[in-house]
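S.K.: here's a sequence, model it:
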Amino acid sequence: MLRAVIDTNLFVRGLLKGPVTTPLIEAWKAGRFTLVTSDQLVAELFQVLARPKFQQYVTRDDVRELGELIYERAEMIEPSAHVKLCRDPKDDIFLDVAIAAQAFCLVTGDDDLKGDRSLKNKMRDEYGIQIMGVPEFLAFLASDQLREDDRRTRKR
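M.R.: This is a model prediction of the structure:
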């Protein structure tokens, strides 16, 4: 199964029912890919969701349900190595988790990550990890599903 690290900002947008991120969360819930994360990333997510500015949009039940789903379905990784590759050092943890998990990709809305050509090339060439935005990842999932459906049809 395809393994992906999802930037915490995408979960926040998903809870806010963002039109781009909602399909990402639904694809994960449907088992189209395995979410790989870490305790540190989950803690960051809940710290962000606890901010007063989100409390009018996200209920405690929403946050509890997301937490239960993450701990029930996600693969938890604790990276042992730490890279220093991002302009913003706080973003390096996403790379650490992706590298430790040998994930296929890191999906993010952060332009510091997905817009940095040098970083993307280094992650792809040295670690085999793609950095992509949500639309690109969803398109990949759709094309991968089409290939899988085609393989099943040929076997019959």
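S.K.: other SSEs contacting the helix or strand hosting G67?
M.R.: Here G67 sits within helix 60-73, counting by DSSP states H and E. Helix 60-73 sits against helix 8-15, strand 34-37, helix 39-49, with contacts defined as 3 or more Cβ pairs under 8 Å, 6 or more residues apart in numbering; DSSP states H and E. C-beta here means a position set from N, CA and C on the backbone, and glycine is covered the same way.
S.K.: switch the cut-off to 7 Å
M.R.: With contacts taken as 3 or more Cβ pairs under 7 Å, 6 or more residues apart in numbering; DSSP states H and E, helix 60-73 sits against helix 8-15, helix 39-49.
S.K.: right, and those helices - which one's nearest I77?
M.R.: helix 39-49 (9.3 Å; Cβ to Cβ).
S.K.: what's around the residue lying closest to P23 once chain neighbours are set aside, how many residues?
M.R.: Excluding the flanking residues, the one nearest P23 by Cβ to Cβ, 6 or more residues apart in numbering is L138, at 5.8 Å. Residues within reach of L138, counting by other Cβ atoms under 10 Å, total 19.
S.K.: pLDDT of the helix or strand that contains L138, averaged?
M.R.: Assigned by DSSP H and E, L138 belongs to helix 134-155. For helix 134-155, the mean pLDDT works out to 72.
S.K.: would you say P79 is within a strand?
M.R.: No: counting by DSSP: H, G, I helix; E, B strand; the rest coil, P79 falls outside a strand, being coil.
S.K.: OK, contacts around D39?
M.R.: 76, 78 (Cβ atoms under 7 Å, 6 or more residues apart in numbering).
S.K.: should've said D88
M.R.: D112.
S.K.: could you measure from it over to R60?
M.R.: Separation of D88 from R60 (Cβ to Cβ, to the nearest Å) stands at 30 Å.
S.K.: try E26
M.R.: From E26 to R60 the distance is 22 Å (Cβ to Cβ).
S.K.: pLDDT-wise, which helix or strand of this protein ranks last?
M.R.: helix 134-155 (a mean of 72; mean pLDDT, DSSP states H and E).
S.K.: list phi and psi for L106.
M.R.: Per-residue torsions, L106: phi -110, psi 120 (degrees, to the nearest 10).
S.K.: my read: it touches I129, true?
M.R.: Yes: counting by Cβ atoms under 7 Å, L106 does reach I129; the two are 6.2 Å apart.
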